[in-house]
Structures are given as structure tokens and as C-alpha cells.
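J.: What follows is a predicted protein model with its sequence.
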Amino acid sequence: PNWAPPTIQLNVETASGSRGPLTASSHPRKTVPVMRSLLIVVSLVAMGAVTAFKVHETFPPIDLVNDGNRAALASWYSDHPYIPQTTTGLSERSKEMLRWTASEFITARKAGLVSCEEYASVLVARMLFFKDAQQFLATSYDLAPVLVIEEARKMDARVEKEGIDSIAPLFCLPVPMKGTMATTDYPSSAGNAMLNNAAGKKDAAFTTLFRNANAIAFGKTNVPDFAASWVTMNPLNGRTMNLYNGRLTSGGSSGGSGSAVSGHVAPVAVTEDTGGSTRHPAFMNQNFGYDPTRNHYPNQGNPGITYTNDQVGLNSRSFADILLVDAAVLRTFDEHAIGKAAIDRASAADIRIGLPKFPFVDLDLPKDAYNFWGLKNGPVSSNLHAKYTLATKVLEDSGFTMVTEEWPEVPSKWFGRKVNAVLETLWSNRRINNLDYDGLGAPHLHSFTGQVAEWVLSYTDSKASLDDIWESSYDGGDGHSPRGFYGFSAVTDESQMRAVGHVQAEKLRAWNSYFDAHNVDIIMTPGQRCDAMTYEGMSNSSIPLPVRQEDGTVVDEDSSLIGCNFLAYFAFKDIPIPEVMVPTGLDAEGRPTAVEFWGRGVPEDRLFDDEYAKTHDIAFLHTVNRLVEAMHREPSLQRKDPPTVADSLRAGNAEL
């Protein structure tokens with residue numbers, strides 16, 4: 001608590017064009033924003049907020065965004081792609097360490113084969129190599145090389161004095177924190193320019209768990225303003241780039257974490273999911289994305305968008321690392337050992353996998369459904385369906401029991417007939433408070449701006465207002481509008497938000513009815529509806545989406561990001577169920593693909609039991625692990641590194 005960040009002096013360009021030093025304010029814990037990659041026009045007030053700034057070169061010009069010419073905006077994105085670079089000159093030792101999973105690093109550290117400082121230094125160098133991909137908030141590029149190495153040296157010294165177990169159980173593993181997490185050693189901005197210099201009053205609870213487990217907080221990853229987008233970009237820190245294809249987005253809102261993991265900057269990173277913000281970046285970056293049961297991990301200190309959906313989670317290249325980190329931060333090693341043993345004892349045939357088509361494989365809404373979001377009927381993309389079909393075959397050939405039943409039918413007042421339980425709970429109109437009620441998730445967003453204001457007050461030293469935050473949150477096209485998310489607080493109904501708790505129980509019963517009726521252990525679906533999307537496509541709503549026509553044929557039509565993502569990532573996000581995105585290799589065009597595993601929801605009498613939530617996911621996680629091991633025996637379903645990353649880390653490459 002008495003530690004203060006190092007004073008950093010830098011030159012910034014002032015409005016008049018002169019250059020001079022920018023120094024820390026009088027606040028003892030203030031960190032100074034360092035923007036060597038970006039000349040920013042700065043005006044500091046007592047609160048330490050940036051009130052004027054130059055838009056990052058990778059963010060589209062604001063005039064272009066605001067004039068509404070989406071064709072011109074799409075052309076701008078098309079003309080400004082990211083070109084992934086191949087690292088050269090890496091030693092074989094560095095390559096080996098960068099290839100390590102978290103589990104492999106910990107094994108090496110415990111055996112004395114590597115020091116904390118050596119490993120941290122290699123990861124920091126990797127972070128700086130990918131600086132042009134904007135995987136981290138700009139301040140972290142200058143602070144992390146100092147803070148991470150300093151902490152690694154301290155842990156090495158502790159080992160010398162107290163032994164290796166003194167840094168258990170994560171043994172100085174550097175873990176990037178999502179940019180929305182409050183921290184005391186890095187600025188707490190949630191990606192917003194007005195908060196770029198805001199000092200954190202205290203760490204987010206999940207960050208504290210990592211520190212207590214002897215991990216090192218490895219900077220803050222880039223995010224859209226307050227995580228309010230499926231596209232990771234903001235005007236001050238720029239766009240986070242996708243290393244597989246520079247025209248693709250990195251997903252959001254945890255795209256910085258997802259891209260950093262795919263680039264081997266770190267083996268595992270912290271994410272958070274309101275409506276896909278862990279899973280969509282996992283999909284776009286070929287990572288495993290673990291979105292836990294609500295409050296499996298503590299969420300305090302991460303500014304939520306809702307009180308029902310938001311949950312911190314993890315992205316990793318190895319599912320074994322998710323199991324390791326989960327047990328380490330929650331200290332549930334014994335519970336994991338028991339859960340693993342139970343799953344290992346089961347025969348493959350005893351593990352039953354549900355494969356319902358509606359709504360995730362093929363959406364077929366009747367005309368009288370209350371379709372608030374205007375979702376179009378049709379199957380998932382042919383590329384994703386092919387991967388899903390192959391994964392199904394591989395698992396079936398491995399002896400697992402595949403169940404192709406649909407959800408049970410239930411009586412419906414809205415439809416006036418028996419219908420699929422999911423259709424009833426998501427697309428019937430309950431008419432709450434004499435208003436139409438969206439079952440997919442609009443009422444949940446009512447609290448967003450209030451949660452933003454509370455986080456700024458409780459976790460930062462900033463005096464920025466909601467108006468300040470709104471003004472500095474710029475849109476980036478049809479698919480990137482943080483202001484649009486903020487606006488839900490004004491247009492949704494308070495009484496409908498209060499009714500969410502009642503509807504949650506109904507949704508939980510509907511979800512679990514599949515598990516009860518068909519005695520399944522897990523459900524598998526395609527990762528999302530559309531192929532991995534480009535910046536161009538998201539900006540002007542030209543993402544190809546298969547749509548069923550009146551005559552039954554299926555034709556690709558231009559779609560918005562909402563049309564592609566809302567069903568896959570918002571459906572049932574407001575009830576406590578675990579999900580894992582699992583990479584399934586690349587499609588013929590080199591784009592990432594994935595399937596998603598879903599677990600049973602908590603028992604209804606545990607709906608609001610946070611202590612129970614800590615262990616609810618364990619059997620599910622070990623079931624997923626067993627299925628992943630079987631699936632990934634098929635080479636075409638195995639996770640693939642970005643081509644330039646794979647080339648640079650291949651053992652035996654000639655050194656410069």
C-alpha cells in the first residue's frame with residue numbers, strides 16, 4: 001500500500017506545437033500516461049484527465065465516421081489493414097519460452113530451469129514487438145517493462161531466501177489484466193480517454209486473487225470504451241489487430257487479451273464477458289475462452305454493463321492452463337482433483353453431448369415471435385457448420401454419446417400453443433409494466449451508465465462525469481458504438497430491469513430442461529453464426545449471413561454485427577451457466593473457427609449463491625477437457641497459431 005509508481009518524464013506536443021516535459025501530479029499514486037507512439041494534444045486539469053487528444057492513427061477519422069457515409073468508412077478500413085510481421089532474430093531459448101504454456105513455464109520454474117526475470121523479460125520483449133497491434137493500453141507499453149521486471153526480480157529474491165514454494169501456486173506467471181480492471185499500479189481508464197491518467201484506488205477483486213496466487217499483473221490490455229463493443233478499438237489507444245489476418249477484427253471487448261494470447265505475448269490473459277466479450281475474442285484469435293458461471297470469479301472492480309450478465313474470465317492457448325489457473329486463484333485444487341477423477345472414471349459412452357439445432361445451429365423463428373432485434377432465420381455459415389459437423393463425427397467416433405433431440409415443448413400463452421422451451425423463454429412477449437419485453441437481453445442494459453459512474457467514483461481518483469465519458473467515446477461504424485450501449489440506460493424501463501430476477505428463474509428452468517429431459521452432460525454448438533468478420537464488414541453492415549428465403553433456399557445477405565453475434569453471445573447470458581469456446585483450426589481462407597460447449601445451469605435454489613458458484617463449473621471443465629483431447633486428435637480441428645507467429649517460433653529457424 002505504500003508503493004508508488006516510478007516517476008516518468010516524457011515530452012508531449014502541446015496545442016501550440018512546442019515540446020516540453022509532462023510530469024506527475026501531486027497525487028502520490030498517480031501514473032503518467034506515456035504515449036511515445038502517439039502525439040497527443042494534452043490539457044491536464046486537477047483531476048488528471050485528458051480533455052483533448054489526437055485520435056490514434058489506426059482509428060478512423062472522426063469526421064468520416066460522423067458524416068454517415070458507411071461506404072467511405074468501409075473503404076478507409078479496407079485501405080488501412082494491419083500487416084502482421086514475422087519476428088526475426090529470436091534465440092532458440094526465447095522461442096522455447098514463448099512456446100511454453102503456463103503449465104510448462106511453472107514446471108520449468110519449479111525445477112529451477114528458468115528465473116522469473118528471464119521469463120518476464122522475454123514476454124515483455126514480445127509485448128513490445130507487437131506494439132503496433134495495440135494489444136495493450138498505451139500506458140502499459142511504458143509502465144509494464146519497468147513494473148513487470150521489478151516484480152519478477154522481487155520474486156526471484158524471495159525464492160533465494162524462502163524457497164520455491166514461497167511463490168506458489170502461480171510461480172511469478174505474468175498475466176495481462178483486461179483494460180477494464182481497476183489496478184493500483186497501472187492507470188484505471190477502462191479504455192476511455194477522459195480516464196487515461198486516472199489512478200486506481202484499489203485493485204479489482206480478480207486482480208487481487210492473481211496477486212495472492214503470486215502471479216504478476218502484466219499490464220492492461222486494450223478494450224473499447226467501458227467494454228461496450230464486439231470490436232476492440234478506442235480513439236486514444238487505437239485498434240487491436242488480428243494476427244491471423246490484418247483485415248479481421250480481434251473481437252471484443254477483450255480483443256486485446258485475445259490478440260496478446262494468440263501472439264504468444266502471454267499464455268493466459270484475463271477477459272470479461274457481458275454478451276460474448278470473452279468468447280468472441282477467443283473465437284477470433286483461436287483461443288480457449290472460459291466464461292464461467294456468474295460470480296464463479298469475483299467481479300468487483302470491473303465496471304459492468306449489467307448486474308446479470310457480466311463475468312470475468314480467461315483466454316488461453318491451452319485448456320490445461322485454464323484448469324490450472326482456475327484451481328490456483330480459487331484454491332480449489334482438491335475439488336478439481338475429485339472432479340477430474342470422476343470424469344476420468346466415466347466411459348466415453350457415459351458422457352452425453354446434446355446437439356439441439358434450435359436456435360444456435362439453425363434459427364427458425366415463427367412469424368409471431370417477438371423478435372426485438374430483427375434476427376433473420378437461417379443456419380450458421382457453411383464453414384462453421386462444416387467444422388461443427390466434423391467435431392460431432394470425431395466425438396461420436398471416439399465413443400461419446402451424441403444426443404440430437406431438441407428442447408422440450410411447453411405451453412405458451414403468447415404463442416397460444418405448445419412450443420420449444422427456448423422459443424418460449426427468449427421470444428415470447430411477456431408485456432411487463434405494460435411494455436413489450438425483450439427476452440434476449442435489452443432490459444438488463446438499463447443500469448449501464450449507473451455502473452460506470454459508480455466504478456469511476458469507487459475505484460479511481462477521477463472526477464470525470466458521464467458527459468465527459470460520453471463525449472470521448474467515439475463510434476467507429478455500424479458495429480462499434482459505445483454511445484449506443486450507454487444510451488440503453490435512457491431508453492429501457494426500470495420496472496422491466498427489476499423483473500429480470502423473476503425472468504432469470506424461468507430462463508434457468510428452460511435451459512436446464514434440456515439436460516433433465518435428455519440426460520445430457522453438456523451441449524455443443526457452433527461458435528457463432530457468421531464467419532470471422534472484417535473491420536470493413538462490421539463498419540457498414542456487410543457481413544455475410546446465411547438467410548433462409550421464403551422458398552426455403554438459403555442465400556448470404558449483408559448483416560450487421562448484431563445480426564451475426566447477438567443470438568450466439570447474448571442468449572442465456574443472464575443466467576449462471578458456464579461456457580467454453582474451443583478453437584477448431586482455420587477455414588479454407590485462413591480465418592479462425594470454433595465450437596462452443598455449454599454446461600448445466602446452477603440449481604434454482606443456488607441462483608444467487610456466490611459460494612456455490614466457485615465449484616459449480618468443475619465437473620463441466622473436466623468434461624470439456626476430455627472432449628477437447630478427443631477432438632484435437634483430428635489435425636484439422638487443432639488450434640493453429642497465426643502463420644507469422646508459427647513461422648517465427650518454429651524450432652530451428654535460422655537466427656540473424
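T.: Perfect, thanks for sending it. Residues are numbered from 1 along each chain as shown.

J.: confidence score at the residue nearest to the spatial centre of the chain?
T.: With the centre of the chain defined as its mean C-alpha position, the nearest residue by CA atoms, centre = their mean is residue 278, 2.4 Å away. pLDDT recorded at residue 278 is 98.

J.: same question, residue 562
T.: At residue 562, the predicted lDDT confidence score is 97.

J.: just checking, it is part of a helix?
T.: Yes - remark: residue 562 belongs to a helix, assigned using DSSP: H, G, I helix; E, B strand; the rest coil.

J.: Residue 176: neighbouring residues, count only.
T.: The local packing of residue 176 (other CB atoms under 10 Å) involves 30 other residues. Just so you know, the C-beta spots here come from the backbone N, C-alpha and C atoms, and that holds for glycine as well.

J.: cool, residue 455 as well?
T.: Applying other CB under 10 Å, we find 22 residues neighbouring residue 455.

J.: Was I right to think it contacts residue 190?
T.: Yes - with contact taken as CB atoms under 8 Å, residue 455 and residue 190 are classed as touching, separated by 7.4 Å.

J.: Identify the contacts common to these two.
T.: Contact with both residue 455 and residue 190 is made by residues residue 303, according to CB atoms under 8 Å, 6 or more residues apart in numbering.

J.: if I pick the residue nearest to the centre of the chain, what's in contact with it?
T.: Contacts of residue 278 were listed using CB under 8 Å, 6+ apart, and they are 254, 271, 272, 289, 290, 291, 311, 313, 314, 315, 581.

J.: Need the phi and psi values for it.
T.: In this entry, residue 278 is assigned phi and psi values of phi -90, psi -40 (degrees, to the nearest 10).

J.: what's the distance between it and residue 616?
T.: Computed with CB to CB, to the nearest Å, the distance linking residue 278 and residue 616 is 17 Å.

J.: residues in contact with stretch 535-544?
T.: Residues from elsewhere that reach stretch 535-544, judged by CB under 8 Å, 6+ apart: 60, 70-71, 73-75, 77-78, 230-231, 239, 247-249, 381, 476-480, 530-531, 533-534, 556-561, 563-564.

J.: Residue 499: how many residues sit nearby?
T.: Residues lying near residue 499 (other CB under 10 Å) number 16.

J.: hang on, I meant residue 157
T.: By the criterion of other CB under 10 Å, residue 157 has 12 neighbours.

J.: so it is in which element?
T.: Counting by DSSP states H and E, the element that carries residue 157 is helix 138-162.

J.: Also residue 419?
T.: Secondary structure here is read from DSSP H and E; on that basis residue 419 sits in strand 417-420.

J.: I'd say residue 521 and residue 353 touch.
T.: Yes - under the criterion of CB under 8 Å, residue 521 makes contact with residue 353 at 7.2 Å.

J.: Which residues are in contact with the residue lying closest to residue 180 once chain neighbours are set aside?
T.: The shortest distance from residue 180 to any residue that is not its chain neighbour, by CB to CB, 6 or more residues apart in numbering, is 4.6 Å, and that residue is residue 190. In this structure, residue 190 makes contact with 179, 180, 223, 225, 226, 227, 303, 452, 455, judged by CB under 8 Å, 6+ apart.

J.: Over to residue 447?
T.: Residue 447 neighbours (CB under 8 Å, 6+ apart): 304, 306, 307, 489, 497.

J.: now residue 282
T.: When the contact criterion is CB under 8 Å, 6+ apart, the partners of residue 282 are 251, 258, 271, 288, 289, 315, 581, 583, 594.

J.: And for residue 444?
T.: When the contact criterion is CB under 8 Å, 6+ apart, the partners of residue 444 are 306, 307, 308, 309, 497, 500, 574.

J.: ok, those residues vs residue 641, which is closest?
T.: Here the nearest of the contacts of residue 444 to residue 641, counting by CB to CB, is residue 309; it sits at 31.0 Å.

J.: Please identify which helix or strand holds the closest one.
T.: Residue 309 is part of no helix or strand when elements are defined by DSSP H and E.

J.: Would you mind stating the distance between it and residue 278?
T.: For residue 309, the distance to residue 278 equals 11 Å [CB to CB].

J.: Residue 94 reaches residue 122, doesn't it?
T.: Yes - proximity of residue 94 to residue 122 meets the contact threshold set by CB under 8 Å, at 5.2 Å.

J.: Look at the two and report which has more neighbours.
T.: For residue 94 versus residue 122, neighbours defined as other CB under 10 Å are more numerous around residue 122 (22 against 19).

J.: Make sure the more buried one is actually in contact with residue 97.
T.: Yes - contact criterion CB under 8 Å: residue 122 and residue 97 qualify, at 4.9 Å.

J.: any shared contact partners between the two?
T.: Listed contacts common to residue 122 and residue 97 are nil; contacts here mean CB under 8 Å, 6+ apart.

J.: so residue 321 makes contact with residue 268?
T.: Yes - the pair residue 321 and residue 268 passes the contact test of CB under 8 Å, sitting 5.0 Å apart.

J.: neighbour count winner among these two?
T.: Under the neighbour definition other CB under 10 Å, residue 321 and residue 268 were set side by side, and residue 268 has more, 30 against 24.

J.: Which positions are bridged to the more buried one in the beta structure?
T.: Beta-bridge partners recorded for residue 268 (DSSP bridges): residue 316.

J.: Okay, it and residue 318: tell me how far apart.
T.: 8 Å.

J.: overlap in contacts of these two?
T.: If you check residue 268 and residue 318 against CB under 8 Å, 6+ apart, the residues they both contact are residue 102.

J.: how would you label the residue nearest to residue 180: helix, strand or coil?
T.: Under three-state DSSP, residue 190 falls in the coil class.

J.: Now do the SS call for residue 582.
T.: The three-state label given to residue 582 by three-state DSSP is strand.

J.: what's the nearest residue to it if we skip its chain neighbours?
T.: Residue 582's closest residue in space is residue 595 (CB to CB, 6+ apart), at 5.4 Å.

J.: List of residues touching the helix or strand encompassing the one you found?
T.: For residue 595, the host element (DSSP H and E) is strand 592-598. Residues from elsewhere that reach strand 592-598 (CB under 8 Å, 6+ apart): 244, 279, 282-286, 383-384, 387-388, 391, 522-528, 532, 568, 572, 577-587, 620, 623-624, 627.

J.: likewise stretch 361-378?
T.: The contact list for stretch 361-378, computed with CB under 8 Å, 6+ apart, reads 355, 358-359, 379-380, 385, 388, 414-415, 419, 423, 427-429, 436-440, 442, 525-526, 529, 545-548, 554, 557, 559, 562-563, 566-567.

J.: before we move on, the earlier item: just the CA coordinates for the strand holding residue 595, please, in CSV.
T.: Once side chains and other backbone atoms are set aside, the C-alpha atoms of strand 592-598 remain, and they are given as CSV (Å, rounded to 0.1, in the frame of the first residue of the first chain):
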residue,chain,number,x,y,z
PRO,A,592,-10.4,-18.8,-37.2
THR,A,593,-13.2,-21.2,-36.4
ALA,A,594,-14.6,-22.6,-33.1
VAL,A,595,-17.3,-24.6,-31.4
GLU,A,596,-18.8,-23.8,-28.0
PHE,A,597,-19.5,-26.0,-25.1
TRP,A,598,-22.3,-25.1,-22.6
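
J.: Name the next helix or strand downstream of that strand, please.
T.: The first helix or strand that comes after strand 592-598 along the chain, using DSSP H and E, is helix 610-616.

J.: Name the surrounding residues that touch that following helix.
T.: Contacts of helix 610-616 from elsewhere in the structure, counted by CB under 8 Å, 6+ apart, are 292-296, 298, 330, 332, 335, 576, 578, 602, 606.

J.: can we see that at 10 Å?
T.: Outside of helix 610-616, the residues within contact range by CB atoms under 10 Å, 6 or more residues apart in numbering are 292-299, 311, 326, 330-332, 335-336, 338-339, 576-578, 599-603, 605-607, 609.

J.: quick one: which of the contacts of stretch 361-378 sit in strands?
T.: Judged by DSSP state E, strands contain the following of those: 379, 419, 525, 526, 545, 546, 547, 548, 554, 557, 559.
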